[in-house]
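Peer 1: This is the structure alone, sequence omitted:
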């Protein structure tokens, strides 16, 4: 959402349909996941594990994350960190945020207006950095 | 609070006044901290660094943590994890919670009734385990 | 291994064959995983996600973790933390170690004698605590 | 070291002498710390806590980290993550590495040739990204 506002072309895909080769086509990847057992959900983990076919080729691409949990203190932050760690292992670039959600966008339950605003800011930040780095 | 309810003797001290030797006298330590830069506050970190004088002697003691942050997604969970990691390095025992706040009690801003209830459950859990382990 | 030495009964199973109901039968669970993208491997994550069928019933059981990575600084510690976080969400009890590998046993590449000794200590620690807690 | 090789101007300072205002003058900050209790050392934590006087002004600057621990599995990776989390809270930009040390440079004990090479690569990566972003 936010990324579109700064002029970036975006593509949404479900982790079950996303092809591995699509990862190569984009300058940035924002991954979202429900929080399962304090981490990204199994299918997201599995997706990153399979992305090893392109290991090294995502170096320097941008990353971002969002996650929702059932309750406050329910693991949404550690889920974000788990996604960011997978991106760092790929050599990707991530940016925090000094105001609002520091590691990525979080919501408790279904995203409310505040959470959607955090997602928008996340998209904007990644989109802006993409334009700055890749023109 | 909760720990008292299960019959444990408790002692509250501010990190600036706590003596290192007090760490040896108790079966469990619950450490609380505001969330500063996604981790426990400097004085808590400094306290644990100085606790190296008793390194090895806290092995098998119980640990627990609580933290408050200014906003949702503001680092309270990673602050808890930072405290738990310091305790694990000491060889301490920690327990999560399958309902409510999984890693320890968190609050956003000043603790509301829900956060106080989480703290109570934390104290109860640590107190109960202490009685089970140390009679 | 180490757990046997202290008198605990142990059962080894591959994550692909382990039944969920087996989780209920034991006092402690030690989970091992190669380090994939800085976390436990997908099948381990998937296993924990599916363990939600017993959510709440593992409360108070013991947990431990070991992980291997290809290189130093290759994510083995964050993989351990990812396993421990899943266990904490289950309300499980984990213990660190003041000497040696603090969060669980790690190896770089195939386990050498030192890594095997760390695994032994891990098993011993979990086994000892199990006997202490559950007789 | 590596940063110099790509044409970046560098400035080394000890955390006890570094002025807060210096943080504003540079495009990137690489923070190093021994691993104390699985996290960055107290003085580093304290330094970041005090950097709140410039909160928001480090947004978009580059960050990197290195850490040494006494032993394998001794917390060097979690110490790196603790530094990176503080940088993300500042809104800083960090990059992982797909080969070698993923989260930043680590050494076990005094840095050997391999660890020094990892530091060099870290400096080079941050320096290169700085030139790409800030000319």
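Peer 2: Cool, got the structure. The structure presented is a predicted model; accordingly, all values stated were derived computationally and were not measured.
Peer 1: quick one: is the top helix by length along chain A near chain B?
Peer 2: If you go by DSSP state H, chain A has its longest helix at helix A:113-134. Yes - Helix A:113-134 lies within reach of chain B by CB under 8 Å from any CB of the partner chain, at A:114, A:118. No exception for glycine: its C-beta is placed from N, CA and C like everyone else's.
Peer 1: Which residues does that helix contact?
Peer 2: With CB atoms under 8 Å, 6 or more residues apart in numbering or on different chains as the test, helix A:113-134 has contacts from A:1-8, A:10, A:27-28, A:30, A:60, A:62-64, A:66, A:68, A:93, A:95, A:97, A:100-101, A:104-108, A:111, B:72-73, D:93, D:132-133.
Peer 1: Same question for stretch A:69-76.
Peer 2: Residues contacting stretch A:69-76 (CB under 8 Å, 6+ apart): A:34-35, A:37-39, A:67-68, A:79, A:106-109, B:72-73, B:76-77, B:80, B:100-106, B:108, B:114, B:118, C:85, C:89.
Peer 1: Mark which of those are buried, thanks.
Peer 2: A:35, A:37-39, A:67-68, A:79, A:106-108, B:72-73, B:76-77, B:80, B:100-106, B:108, B:114, B:118, C:85, C:89 (16 or more other CB atoms under 10 Å in any protein chain shown).
Peer 1: residues near residue A:23, how many?
Peer 2: 18 (other CB atoms under 10 Å in any protein chain shown).
Peer 1: Ignore what I typed, I meant residue A:66.
Peer 2: Residue A:66 is flanked by 25 other residues according to other CB under 10 Å.
Peer 1: helix, strand or coil for it?
Peer 2: In three-state terms, and counting by DSSP: H, G, I helix; E, B strand; the rest coil, residue A:66 is strand.
Peer 1: partners of it in the sheet?
Peer 2: residue A:32, residue A:105 (DSSP bridges).
Peer 1: Next one, pLDDT for it please.
Peer 2: Note for residue A:66: predicted pLDDT of 96.
Peer 1: Go ahead and confirm it touches residue A:104.
Peer 2: Yes - the criterion here is CB atoms under 8 Å, and residue A:66 meets it with residue A:104 at 5.2 Å.
Peer 1: Touching both of those two, which residues are there?
Peer 2: A:80, A:122.
Peer 1: thinking again about what came up before, and the contacts of helix A:113-134, which of them are in strands?
Peer 2: The strands, defined by DSSP state E, take in A:28, A:30, A:62-64, A:66, A:68, A:93, A:95, A:105-108, D:93 from the contacts of helix A:113-134.
Peer 1: so who does residue A:96 touch?
Peer 2: A:102, A:103, D:87, D:88, D:89, D:90, D:91, D:92, D:94.
Peer 1: and if we set it to 10 Å?
Peer 2: Residues near residue A:96 by CB atoms under 10 Å, 6 or more residues apart in numbering or on different chains: A:84, A:102-104, A:125, B:38, D:58-59, D:63, D:84-94.
Peer 1: For chain A, which residues are neighbours of chain B?
Peer 2: In this structure, chain A approaches chain B at residues A:35, A:37-38, A:66-67, A:69, A:71-81, A:96-97, A:99-108, A:114-115, A:118, judged by CB under 10 Å from any CB of the partner chain.
Peer 1: wait, which of the ones in strands among the contacts of helix A:113-134 is closest to chain B?
Peer 2: residue A:106 (4.0 Å; CB to the nearest CB).
Peer 1: Output the below-cut-off pLDDT ranges for chain A.
Peer 2: Along chain A, the model assigns pLDDT under 70 to residues A:1.
Peer 1: Which positions within whichever helix or strand residue A:50 is part of qualify as buried?
Peer 2: Element membership for residue A:50, per DSSP states H and E: helix A:42-50. The neighbour-count check on helix A:42-50 (16+ other CB under 10 Å) flags A:42, A:43, A:44, A:45, A:46, A:47, A:48, A:49 as buried.
Peer 1: which one is the last one nearest to, not counting chain neighbours?
Peer 2: In other words, residue A:49. residue C:42 (4.4 Å; CB to CB, 6 or more residues apart in numbering or on different chains).
Peer 1: List the contacts of the one you found.
Peer 2: Residue C:42 makes contacts with A:42, A:43, A:44, A:45, A:46, A:47, A:48, A:49, A:50, C:15, C:33, C:36, as judged by CB under 10 Å, 6+ apart.
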